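J.: Requesting a structural model of the entry that follows:
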Amino acid sequence: MIKSGKTNNPIGRTLRLLIGGSIAFMLVACTSAPLPPDAEIQAAELAINSAEQERVTDYAAQELRQAREKLGAARVAVQGEEMELAMRLAHESRVSAQLASARAASMKAREINDEMREAIDALEQEIRRNTGGAQ
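T.: Alright, predicted model coming up:
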């Protein structure tokens with residue numbers, strides 16, 4: 001009896017279906033849209049809120065304004081399903097807010113340093129007056 005090249009093997013057929021299904025699943029998974037950068041947007045919001053609580057607008061209003069603008073642009077990008085752009089903008093927003101906080105802290109420290117320097121100068125002048133200028 002001559003056998004044809006085809007066999008009626010249910011295991012082989014099941015294996016082919018599993019492999020084909022797996023390949024189709026992987027293709028669909030690879031082409032699905034990336035998820036919104038919710039964590040990065042939330043981190044930017046927290047950084048902005050923190051900067052606002054520190055009252056950085058007196059010292060770094062421009063950086064804080066940029067942080068808010070970039071966060072808004074990130075939200076618009078999410079609505080437009082541009083997730084990579086949204087991620088980048090949210091990250092830039094967080095960094096701008098952190099920069100505003102750092103700049104404000106630096107300027108506050110500089111003001112305190114200047115005040116201390118003035119107080120030291122005043123004390124030195126008072127000491128010179130009380131000692132008759134001799135040191």
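
J.: can you give me the helices in this protein?
T.: Listed in chain order, the helices of the chain (DSSP state H) span 10-31, 38-53, 57-79, 83-131.

J.: Could I get these in JSON lines, plus columns for mean pLDDT and mean neighbour count?
T.: (C-beta placed from N, C-alpha, C; glycine too.) As requested, the helices of the chain are exported to JSON lines (pLDDT from 0 to 100; neighbours: other C-beta atoms under 10 Å):
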{"stretch": "helix 10-31", "mean pLDDT": "68", "mean neighbour count": "9"}
{"stretch": "helix 38-53", "mean pLDDT": "94", "mean neighbour count": "17"}
{"stretch": "helix 57-79", "mean pLDDT": "94", "mean neighbour count": "18"}
{"stretch": "helix 83-131", "mean pLDDT": "93", "mean neighbour count": "15"}
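
J.: Which residues are in contact with the residue nearest to the spatial centre of the chain?
T.: Nearest to the mean C-alpha position of the chain, counting by C-alpha atoms, centre = their mean, stands H91 at 3.0 Å. Counting by C-beta atoms under 8 Å, 6 or more residues apart in numbering, H91 touches E40, A44.

J.: Against Q42, how distant is it?
T.: 12 Å (C-beta to C-beta, to the nearest Å).

J.: With E115 instead?
T.: Taking C-beta to C-beta, one finds E115 at 38 Å from Q42.
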